[in-house]
Each structure stands twice: as C-alpha cells, then as structure tokens.
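1. I would like the atomic coordinates for the input below:
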Amino acid sequence: MSSPTFGGFPEAALDFYDDLELDNTRSFWLAHKQQYDDAVRAPMLALTAALEPEFGAAKVFRPYRDVRFRTDKTPYKTHQGAFVAAGPSCGWYVQVSARGVNVGGGFYRADAPHLARFRAYAADPDTGPLLEEMLADLQADGWSLGGDRLKTSPRGYSGDHPRIGLLRHRSVTLNRDYGFEPTTIGVPALLDDVRRDWQALRPLVETLAEVLEDPFAPDVD
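-> Have a look, this model is predicted:
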C-alpha cells in the first residue's frame, strides 16, 4: 500500500499546539487526540516517508514527555519532531510546533569519546579550517548555528586556540525556521523545501558522522 501524499501541515496543527501550551493535560489530549493524529502525526509521517528513499527511515518521536526526573511534570511535548540518523546522535531533523516548522541537522549530543573525536578534528590544522568554512558557508546561506556550548575552554585546549569558539561546542546544529504562514508550511511544496535543506546539510552531517564514528581518532581516558 502506498504512503499518503504530503500536503503540508494544516493550520489545525498550529492550533493544536497553541491550545496544548495552555492546557497540557491528559483530559485535553484525550479530547483532541484525533486532531493530533490528523493534523500533526499523519502529515509528519507522510513527509518523512517521502524523504526516506533519499535520506533513510526517520524516527517520529513519541508525543509524551519523560517526566521521571524533571520538576516540570507536564505530560506532553509541545512540538512534533522527526529525526533521520546518519551517525551517533547525528543526522537530519524536522519539527512542527505552534511557532511553525523548523528544519535542521548536525550532532545533537555526544558522549565523552565522541566529543573528544569531534574536538580533535576541529583542532587539527588541516581539517578544522575546512569544518569552520563549511559552517560559515551555511550561515551565510541563512542557516542559524546552534548547539550546547561550554562557557570556558575545554580541558586540554588553550583559550587562544584559533578555533576555540568551535571547540567549546558540545553539540553542533544548523537550523532554518519556516514560520507558521499557511502559504509556506501548509502546502505540498514544503516537502521540496525540506528536501533541499537536508541536501544542503548533507556534507556537514556526513562529515560529522564520519568524525564521530572514526575508530582511529583520539579517545579520552
């Protein structure tokens, strides 16, 4: 059986998350679950299915929050995300929320050995400048650089290192925001936009995936 055709995210998806932010309760969820299924989950499944032949199968995240160790006990996420993995916590991302659609990619977290590999690559005088140039080119094309960063220099690296800003990253993400206008995100052409964006991120994503998986790169004690 063929997958449903992606037609965009309807305004009902944004309305659902607007209301959920005000009433994040099980009673609201049960009363509006059909709206979530039809306006949020079904379009996300159709979008990721259309992208799968080129990028791989996506994980469409569960809508429930893990509140076991959190002070915020609201039970439901206020966005719907999907992720295609290219390596350890590294790949492409898309989400819809009350603020609209956001597209991104990069590596989202790393354990100590993987982070050491990334920093060794970024610090290297041959590979580091190439990575820095790749990130600069993407930012010049409208992408926003994000990720978790240390406020101080990582252990083993001097504060005057030429790429100290990059070395402070504990994750590296690039994001593009499409907003919430129906003419932008509520149309089938959004599929082409996401595909084009993921294609633009492919060199970075695949480089990071190779770096994080490199068995010969330096490790940490």
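
2. how about the most centrally placed residue in the chain, what does it touch?
-> In the chain, the C-alpha nearest the mean C-alpha coordinate belongs to residue 93, at 3.5 Å (Cα atoms, centre = their mean). For residue 93, the contacting residues are 81-84, 103-105, 108, 173, taking Cβ atoms under 8 Å, 6 or more residues apart in numbering as the criterion. C-beta coordinates here come from the backbone N, C-alpha and C atoms, glycine included.

3. now that we have the residues you listed, which one has the most neighbours?
-> Highest neighbour count within these: residue 105, with 29 neighbours (other Cβ atoms under 10 Å).

4. Is the residue nearest to the centre of the chain within a helix or a strand, and which one?
-> Using DSSP states H and E, the element containing residue 93 is strand 90-97.

5. for residue 9, same thing?
-> Here residue 9 is covered by no helix or strand, with elements defined by DSSP H and E.

6. count of residues packed around it?
-> As a burial measure, residue 9 scores 26 neighbours (other Cβ under 10 Å).

7. tell me the average confidence for the strand holding residue 93?
-> Along strand 90-97, the predicted local confidence has a mean pLDDT of 97.

8. Output the helix or strand that comes right after that strand as CSV - backbone C-alpha positions only.
-> Of the helices and strands lying after strand 90-97 in sequence (DSSP H and E), the nearest is strand 100-107. Taking C-alpha atoms only, strand 100-107 is exported to CSV below (Å, rounded to 0.1, in the frame of the first residue of the first chain):
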residue,chain,number,x,y,z
GLY,A,100,5.6,26.6,12.7
VAL,A,101,8.1,24.4,11.0
ASN,A,102,11.8,24.2,11.8
VAL,A,103,14.4,22.2,9.8
GLY,A,104,17.9,21.3,11.0
GLY,A,105,20.8,18.9,11.2
GLY,A,106,24.1,18.2,12.9
PHE,A,107,25.0,16.3,16.0
